[in-house]
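Q: okay, sequence plus prediction incoming.
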Amino acid sequence: MHDDWWRGAAIYELYVQSFADAGNDGMGDLAGARARLPYLADLGVDAIWFTPWYPSPLADAGYDVADYRDIAPRFGTLAEADALISEAHGHGIKIIIDLVPNHCSDRHAWFQAALKAQPGTPERARFWFRDRPNNWQSRFGGLAWTQVGDGDWYLHIFAPEQPDFNWSNAEVRAEFEDILRFWFDRGVDGIRIDTAGMLTKEPGLPDLDDEHPHPFVDRDDVHDIYRRWRQIADEYGARVLIGEIWLADTARLARYTRPDELHTVFNFPYLSCPWDAARLRAVIDDTLALPAAPTWVLANHDVDREVSRYGRADTSFDLDARDHSQEVDLELGTRRARAAALLTMALPGAVYIYQGEELGLWEVEDIPEDRRQDPIFHRTGGADPGRDGCRVPLPWSGTEPPFGFSAGHEPWLPQPKQWRELTVQAQSGDPASMLTLYRTALRVRRQQLSVAGVLTWLDAPAGVLAFDRADGLRCVANLSDTPVELPAAAEIVLASGPLASDARLPPDSTVWLRLSPQTLA
Ligand code: GLC
């Protein structure tokens with residue numbers, strides 16, 4: 001095993017409550033995930049990132065953690081997590097877990113103790129209690145402060161049920177170092193760090209204004225935490241620390257992956273980029289110019305699914321301005337998502353796949369209001385549609401909901417009837433399906449593309465991205481609105497859709513080619 005296995009890995013984001021429900025209560029669980037490990041092995045992923053599986057009242061879908069050293073009873077037990085980790089390893093699949101260090105749940109023992117304690121006590125010092133709020137706003141809408149019975153206020157950058165830890169408190173730091181060891185000792189191979197850029201706050205908690213550095217986003221002192229965590233990860237060896245950091249400034253982002261800090265960060269500029277050749281090329285060049293190991297991300301549990309994004313007039317994504325009012329052309333979006341998948345998987349580095357991406361699921365925009373769960377929807381009074389639409393449980397089999405997700409129980413979010421055509425069962429063995437494309441692409445990528453391989457851009461018409469990998473594979477992605485010529489002496493390894501009758505590459509398609517030796521420049 002290589003210590004840096006993560007550099008070129010295909011990492012599958014498994015959103016536990018929507019993956020597979022073996023307990024038949026409408027929510028996915030660990031038994032469901034265990035039963036489907038062969039599916040993931042067959043898909044060809046190298047690692048699974050589990051979204052939070054800890055006990056949680058689900059005020060923010062599990063990102064409100066009540067106990068960092070246990071498994072939610074609705075998902076299973078710690079013994080089952082141990083079994084899952086070793087079974088996954090048996091399939092050659094690594095396990096990455098999600099750690100939420102910025103805040104816990106208001107049901108966490110420490111916060112409960114803080115509520116019972118007096119103002120100014122050590123119990124309160126693990127959080128941010130103050131006698132009056134400042135002007136900070138919650139990421140989920142409203143003021144980032146809530147008042148408790150004795151008049152004190154506490155800080156929550158997210159929902160009121162998610163009190164922020166005070167990271168200048170030594171107990172908080174020691175606690176998380178211990179939690180890291182707890183999971184590394186259980187055999188976990190990596191940690192995805194939630195909201196990794198916001199842990200430390202400016203002492204004194206000044207009001208937010210335009211003149212001063214941001215009081216809690218990307219402060220310099222947050223890096224001390226990751227230097228310490230890296231030492232711990234290195235003691236174990238072959239473990240990866242992955243930061244969730246939404247920063248437009250790639251130079252600032254690169255600071256998190258200095259050699260003694262995190263191993264990688266998610267590439268959100270790539271995810272946010274519109275379906276535009278020049279813009280994508282700029283993001284790819286920016287990414288490859290950084291010293292950090294590149295990652296490529298098209299989707300996750302916080303963003304609109306790419307089939308829908310690419311089927312809109314505005315194909316970009318902005319976390320702070322989700323827009324579900326635009327028409328979606330699903331056929332166009334699906335064609336582009338296929339082309340994007342092949343483009344992404346041809347790039348050097350690690351690739352993330354958000355569950356359901358391999359099935360071509362779209363953003364479900366018509367979930368009835370009374371079924372919506374996301375605090376973003378509720379706390380903005382529906383002004384922001386929130387993230388439920390990308391979290392709808394997977395369709396596995398059969399012709400009607402719950403599509404084999406559960407044994408008949410109504411899923412926690414309703415599935416569209418049209419997903420009968422997108423079940424794993426319906427797509428398996430269909431050469432034209434999204435699932436077959438992902439399976440094939442992941443196999444070819446694993447067998448034929450080296451991780452660190454260089455990428456050489458080729459001259460191409462406007463709207464076309466063409467590059468050679470050192471491994472002898474050529475990728476051509478046509479984002480223009482006219483077909484393009486392909487080299488005659490090329491063997492087609494994989495195409496995202498049918499070629500035109502004259503063998504040209506149609507718009508919104510990507511092809512992987514292997515050139516005969518004499519064609520290679
Ligand atoms: C991260 C998670 C998101 C969660 C938030 C607060 O951005 O990905 O789902 O709501 O942190 O924990």
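A: Noted; the coordinates are in hand.
Q: in the stretch 51-200 of the chain, which spans are helices?
A: Ranges of helices within the stretch 51-200 of the chain are 78-90, 109-116, 122-125, 170-185, based on DSSP state H, counting those that start in this stretch.
Q: export those helices to CSV and tack on mean neighbour count and distance to the ligand?
A: Just so you know, the C-beta spots here come from the backbone N, C-alpha and C atoms, and that holds for glycine as well. Shown next, in CSV, are those (neighbours: other Cβ atoms under 10 Å; distance: least, Cβ to the nearest ligand atom, whole Å):
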stretch, mean neighbour count, distance to the ligand
helix 78-90, 16, 20
helix 109-116, 16, 15
helix 122-125, 17, 22
helix 170-185, 15, 15
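Q: in JSON lines: these, plus mean pLDDT.
A: Formatted as JSON lines, the helices of the stretch 51-200 of the chain follow (pLDDT from 0 to 100):
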{"stretch": "helix 78-90", "mean pLDDT": "98"}
{"stretch": "helix 109-116", "mean pLDDT": "98"}
{"stretch": "helix 122-125", "mean pLDDT": "98"}
{"stretch": "helix 170-185", "mean pLDDT": "98"}
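Q: look through the stretch 401-521 of the chain and state the residue closest to the ligand.
A: Leu413 (14.7 Å; Cβ to the nearest ligand atom).
Q: can you pull the contacts of that residue?
A: Shown in contact with Leu413 (Cβ atoms under 8 Å, 6 or more residues apart in numbering): Ser18, Val364, Ile367, Arg371, Gln373, Asp388, Arg391, Val392, Pro393.
Q: try 6 Å this time
A: Going by Cβ atoms under 6 Å, 6 or more residues apart in numbering, Leu413 touches Asp388, Val392.
Q: how far away is it from Asp366?
A: 12 Å (Cβ to Cβ, to the nearest Å).
Q: what ranges does the stretch 201-350 of the chain have for its strands?
A: 240-243, 264-265, 295-297, 350-354 (DSSP state E, counting those that start in this stretch).
Q: which one of these lies closest to Ser138?
A: strand 240-243 (21.7 Å; Cβ to Cβ).
Q: which parts of the stretch 351-500 of the chain sit against the ligand?
A: Within the stretch 351-500 of the chain, no position is near the ligand by Cβ under 6 Å from any ligand atom.
Q: what about the nearest residue to Gly243 once chain neighbours are set aside, neighbour count?
A: Excluding the flanking residues, the one nearest Gly243 by Cβ to Cβ, 6 or more residues apart in numbering is Ala196, at 3.8 Å. Per other Cβ atoms under 10 Å, the neighbour tally for Ala196 reads 26.
Q: could I get the strands of the stretch 201-350 of the chain as JSON lines with mean neighbour count and mean pLDDT?
A: What follows is those, written out as JSON lines (neighbours: other Cβ atoms under 10 Å; pLDDT from 0 to 100):
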{"stretch": "strand 240-243", "mean neighbour count": "24", "mean pLDDT": "98"}
{"stretch": "strand 264-265", "mean neighbour count": "26", "mean pLDDT": "97"}
{"stretch": "strand 295-297", "mean neighbour count": "23", "mean pLDDT": "97"}
{"stretch": "strand 350-354", "mean neighbour count": "25", "mean pLDDT": "98"}
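Q: what segments of the stretch 401-521 of the chain are helices?
A: Using DSSP H, counting those that start in this stretch, helices in the stretch 401-521 of the chain cover 424-427, 434-448.
Q: can you list the buried residues in the first one?
A: Of all the residues in helix 424-427, those buried under the rule 16 or more other Cβ atoms under 10 Å are Val424, Ala426, Gln427.
Q: can you tell me the closest non-neighbouring residue to Ile367?
A: Asp388 (5.3 Å).
Q: repeat that for Ala59.
A: Glu161 (3.5 Å).
Q: and if you look at Ala81?
A: Ile71 is the one closest to Ala81 (Cβ to Cβ, 6+ apart), at 5.2 Å.
Q: what is the neighbour count of the one you found?
A: Neighbours of Ile71 under the rule other Cβ under 10 Å: 21.
Q: quickly note the distance from it to Ser18.
A: From Ile71 to Ser18 the distance is 17 Å (Cβ to Cβ).
Q: residues from the stretch 201-350 of the chain in reach of the ligand?
A: Glu244, His301, Asp302.
Q: picking up where we left off before, you'd agree the residue nearest to Ala59 is up against Asp64?
A: Yes - using Cβ atoms under 6 Å, Glu161 makes contact with Asp64 at a distance of 5.3 Å.
Q: these two: which is more packed in?
A: Asp64 (26 against 20).
Q: in this protein, which residue sits nearest the ligand?
A: Tyr63 (3.3 Å).
Q: shaky segments in the stretch 401-521 of the chain?
A: 453, 517-521 (pLDDT under 70).
Q: which residues in it form strands?
A: 455-457, 464-469, 473-478, 490-495, 509-515.
Q: same list, those, but as TSV with distance to Asn24 and mean neighbour count please.
A: Output for the strands of the stretch 401-521 of the chain, formatted as TSV (distance: least, Cβ to Cβ, whole Å; neighbours: other Cβ atoms under 10 Å):
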stretch	distance to Asn24	mean neighbour count
strand 455-457	47	14
strand 464-469	46	20
strand 473-478	43	24
strand 490-495	38	16
strand 509-515	40	22
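Q: reformat these as CSV; add distance to Ala33.
A: Shown next, in CSV, are these (distance: least, Cβ to Cβ, whole Å):
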stretch, distance to Ala33
strand 455-457, 34
strand 464-469, 33
strand 473-478, 32
strand 490-495, 29
strand 509-515, 31
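Q: any residues touching stretch 77-92, and which ones?
A: For stretch 77-92, the surrounding residues in contact (Cβ under 6 Å, 6+ apart) are Leu30, Arg34, Leu37, Ala41, Ile71, Ile95, Gly187.
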